[in-house]
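Trainee: could you look at this predicted model? Sequence included:
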Amino acid sequence: MSEVKANIPKRNTVQRKTVEHVINDAEGPLTVQEIHEHANAKCDVGIATVYRIVKALHEGGDIKCVVLPDGQNRYEAAHLGHHHHFRCRVCQRVFDLHICPVSLPEGTTLPGGFLVDGHELTLFGTCPDCAAKADEVDPVEAMNVIETDSNNE
């Protein structure tokens, strides 16, 4: 059955090219909803079409599915190689990290007899954009927000 799919020509529509560009230009893996938002800003494309395109790209090996601790399926270009992810706790965006903070080679045996054949890592914190915005907050304004919130409780 996969041989039949391999013989089906890819339809290079504007929508497909746009979805491919969105995924390839992303700073990290995206959900289908995020892909739709970015693609729809560039051309008129429905969510069902985005799902079909993502499925075709995934089945064709052009993109891969990444499941982070939040449990959502996210998609990124298949050619990226070994890398990890960073999730901002403020804006919820996910970024690719092109470093590996884990120096644990394949074939390492851990205490208890666990044989390592790979690893995935997601770091959490604040992205540079959100950190910069936090630095721009006026301390007096921040105190007003805190006081307003505590008065509403």
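Mentor: Received the coordinates, thanks.

Trainee: three-state assignment of the residue lying closest to residue 90 once chain neighbours are set aside?
Mentor: Spatial nearest neighbour of residue 90, excluding adjacent residues (C-beta to C-beta, 6 or more residues apart in numbering): residue 130 at 3.9 Å. All C-beta spots, glycine's among them, are computed from the backbone N, C-alpha and C. Recorded secondary structure, residue 130: helix (DSSP: H, G, I helix; E, B strand; the rest coil).

Trainee: count the residues that sit near residue 130.
Mentor: 16 (other C-beta atoms under 10 Å).

Trainee: wait, it sits on residue 92?
Mentor: No - with contacts defined as C-beta atoms under 8 Å, residue 130 does not count as touching residue 92, sitting 9.9 Å away.

Trainee: roughly how far does the most centrally placed residue in the chain sit from residue 121?
Mentor: With distances taken as C-alpha atoms, centre = their mean, the residue of the chain nearest its centroid is residue 29 (2.0 Å). The span separating residue 29 from residue 121 equals 14 Å under the rule C-beta to C-beta, to the nearest Å.

Trainee: overlap in contacts, the two.
Mentor: Counting by C-beta atoms under 8 Å, 6 or more residues apart in numbering, the shared contacts of residue 29 and residue 121 are residue 85.

Trainee: can you map out the helices along the chain?
Mentor: Along the chain, counting by DSSP state H, helices occupy 2-7, 14-25, 32-40, 47-59, 128-136, 139-151.

Trainee: pick out the shakiest of the ones you listed, pLDDT-wise.
Mentor: Lowest mean pLDDT of the helices of the chain: helix 2-7, a mean of 44.

Trainee: so residue 64 bridges to which residues?
Mentor: The residues listed as beta-bridge partners of residue 64 by DSSP bridges are residue 76.

Trainee: and it, how far from residue 126?
Mentor: To residue 126, residue 64 is 27 Å away according to C-beta to C-beta.

Trainee: residue 32 now?
Mentor: For residue 32, the distance to residue 126 equals 26 Å [C-beta to C-beta].

Trainee: do residue 14 as well
Mentor: With distances taken as C-beta to C-beta, residue 14 is found 37 Å from residue 126.
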